[in-house]
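Enquirer: Everything below, folded, please.
(one chain, ligands or ions: 1)
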Amino acid sequence: MTADNVVAIVGGGPAGLSAALTLARANVQSVVFDAPAPARNAASTAIGNLPGHDGIAPSALRQTIRSELTGYGLTQFQTADVSSVAGALHECFTLTPSTGDPITVSRIILACGRIDLYPNVDGFAEYWGKSIHNCPYCGGYDDRNKPWGVVVNRPEMTSVIEIYRMWSDDLIVFMDPDIEMDAARKADLARKGIGVETTPIRRIVGNGERMHGVELADGRTVPRAAFIWWPKMTVPPIVADLDLALNDQGEVVVDDAYRSSRTGIYATGDLIYSNHQSTASAIHLGGACAASVVFDIAMAQ
Ligand SMILES: Cc1cc2nc3c(=O)[nH]c(=O)nc-3n(C[C@H](O)[C@H](O)[C@H](O)COP(=O)(O)OP(=O)(O)OC[C@H]3O[C@@H](n4cnc5c(N)ncnc54)[C@H](O)[C@@H]3O)c2cc1C
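Expert: The predicted model follows:
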């Protein structure tokens, strides 16, 4: 494979694989690098709210798209972390993977997602993706009508708590110590039957499969069967190493053709937005980004 018009895709999740499919259907070769570590959503057994594949396992979705790609013969897959990138557009980029030889390509699509920064709470990782959901549209339906907790760890969440009543009318809000809610809003929620707890959470309690409640810093246990808890996020190290422009939300800044601040490097998927991240959006963004890459390749010839 020569570098001419070969595109490297860093990240083999829904955005990266969708980008590879769009490239293949434009006769463009690509190499998809995907890290060997479990994907960010691997703790979840089913993808909810994905039309056509509602409830499919995250790994099965990836495998299905990879099988589709194989038929085109234009996509190589490498299970490796891309640990460094050197070069520039017109000179070509060289990517060095954690295993295997460096590879030279003409353009790069970053589709390497985000990293969740788990809170320092015992049991969080154990119940993450099972009883603890980062978004109600993903696993919320499957835990509907149970006692819910909602962790309010972003100022903008204080004004939208009523939305969670669509899934459960037994709601308690757990305030992150850094977030304030005024007395009037607390009274408003109390009138609506929504509890507000300000004591920090120390531990999640459950049977290893499902959570039963949370233990608070003062020793009380509050029974809860499910949580909405959206951790803070960061970008993978390769994005930080490339020194790309990020906005205040930590999203890679792109123009309307998915071009990052470094010419020849594009970004897509969860990397470029934070609110309501979803598999369907990642698939859309991956394909749209790849179409922009195809356009830029064609216009440069
Ligand atoms: C617990 C959980 C449950 C979710 N449930 C749902 C759901 O039910 N429904 C839904 O629609 N959405 C759900 N989501 C959101 C959905 O998973 C994401 O929006 C979607 O996966 C984003 O796709 P992506 O391709 O942008 O990133 P990702 O899926 O995160 O894929 C990025 C890939 O890049 C790889 N990578 C990172 N750095 C490198 C590197 N340097 N070199 C090579 N590879 C690298 C990662 O290992 C990863 O495989 C969930 C998310 C989480 C965290």
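Enquirer: Now do stretch 252-259, average pLDDT.
Expert: Stretch 252-259 shows a mean pLDDT of 98.
Enquirer: Quick one: end-to-end distance for it.
Expert: Start-to-end span of stretch 252-259 (Cα to Cα, to the nearest Å) is 10 Å.
Enquirer: quick check, it touching the ligand?
Expert: No: using Cβ under 6 Å from any ligand atom, stretch 252-259 never reaches the ligand; the gap is at least 11.0 Å. Glycine gets a C-beta too; all of them are placed from N, C-alpha and C.
Enquirer: same thing with stretch 77-87?
Expert: Yes: counting by Cβ under 6 Å from any ligand atom, the ligand has neighbours in stretch 77-87: 81-82.
Enquirer: which parts of that stretch are buried?
Expert: Neighbour-count burial for stretch 77-87, with 16 or more other Cβ atoms under 10 Å as criterion, is recorded at 77-78, 80-82, 85, 87.
Enquirer: With stretch 232-251 instead?
Expert: With burial defined by 16+ other Cβ under 10 Å, the residues of stretch 232-251 counted as buried are 233, 235-236, 238-239, 242, 244, 246, 251.
Enquirer: who touches the residue of the chain most remote from its centre in this structure?
Expert: Within the chain, residue 191 marks the point farthest from the mean C-alpha position, 35.1 Å out by Cα atoms, centre = their mean. By Cβ atoms under 8 Å, 6 or more residues apart in numbering, no residues touch residue 191.
Enquirer: Contacting the ligand as well, which ones from the buried residues of stretch 232-251?
Expert: For the ligand, the contacts drawn from those by Cβ under 6 Å from any ligand atom are 236, 238.
Enquirer: Output the buried residues of stretch 232-251 as CSV; include the columns secondary structure.
Expert: Listed next are those as CSV, based on DSSP: H, G, I helix; E, B strand; the rest coil:
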residue, secondary structure
233, strand
235, coil
236, coil
238, helix
239, helix
242, coil
244, coil
246, strand
251, coil
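Enquirer: now, the most widely separated pair of the buried residues of stretch 232-251?
Expert: Spatial extent of the buried residues of stretch 232-251 (Cβ to Cβ) is set by the pair 233 and 242 at 17.6 Å.
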